[in-house]
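Visitor: The following comprises the amino acid sequence and a computationally predicted model.
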Amino acid sequence: MHKAFKIYKRLKKITTIIKSRKYNLWVANNNRTRANGLSLIDKLPKGWGMIFIYDEDVRHSFTMEKTKIPLQIIFLDKNFKINQVFNCRAFQKGAITPKEKYRYVIEI
């Protein structure tokens, strides 16, 4: 097991359905886990991802500059309505900033 998976293994997990597919999502709900996101892994297991949870609506930018895998980033409002979706490349330069505030972000 890659050492990064040991770190993620300690995180809380939730299961959800996205686009008719079951996903297990690691929960990033504090500054440390949100800052790392999925940048520590070399390969995302099939059916896995991460959900970022914020206590209030925010509009922070995300970055892929240190992330080794391509990701779809889904920004959701407090009612889990999709605000915006970005298809991102590994090591993509530049900020990923949605047009609206969000409460949750899912990376798959």
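Guide: Structure's in. What do you need?

Visitor: In the top strand by length along the chain, which residues are buried?
Guide: Longest strand of the chain, by residue count under DSSP state E: strand 48-58. If you call a residue buried by 16 or more other C-beta atoms under 10 Å, then strand 48-58 has these buried ones: 48, 49, 50, 51, 52, 53, 54. Bear in mind the C-beta positions are built from the backbone N, C-alpha and C, glycine included.

Visitor: Closest to residue 25 out of these?
Guide: Of all the buried residues of strand 48-58, residue 51 has the smallest distance to residue 25: 4.3 Å, by C-beta to C-beta.

Visitor: contacting residues for residue 56?
Guide: Residue 56 makes contact with residue 103 under the criterion C-beta atoms under 8 Å, 6 or more residues apart in numbering.

Visitor: The longest strand of the chain pairs with which strands?
Guide: Here strand 48-58 is paired, per DSSP bridges, with strand 21-28 (parallel), strand 102-107 (antiparallel).

Visitor: most packed of those strands?
Guide: Per residue and on average, the most neighbours among the strands paired with strand 48-58 fall to strand 102-107, with a mean of 21 (mean count of other C-beta atoms under 10 Å).

Visitor: For residue 82, grab the count of nearby residues.
Guide: Residues contacting residue 82 under the criterion other C-beta atoms under 10 Å number 13.

Visitor: pLDDT score for it?
Guide: The model reports residue 82 with a pLDDT of 94.

Visitor: What of residue 6?
Guide: At residue 6, the model reports a pLDDT of 62.

Visitor: Residue ranges in the protein under the pLDDT threshold?
Guide: Scanning the chain for pLDDT under 70 picks out 1-7.

Visitor: where along it do the strands fall?
Guide: With DSSP E as the criterion, the chain has strands spanning 13-18, 21-28, 48-58, 62-63, 71-76, 82-88, 95-96, 102-107.
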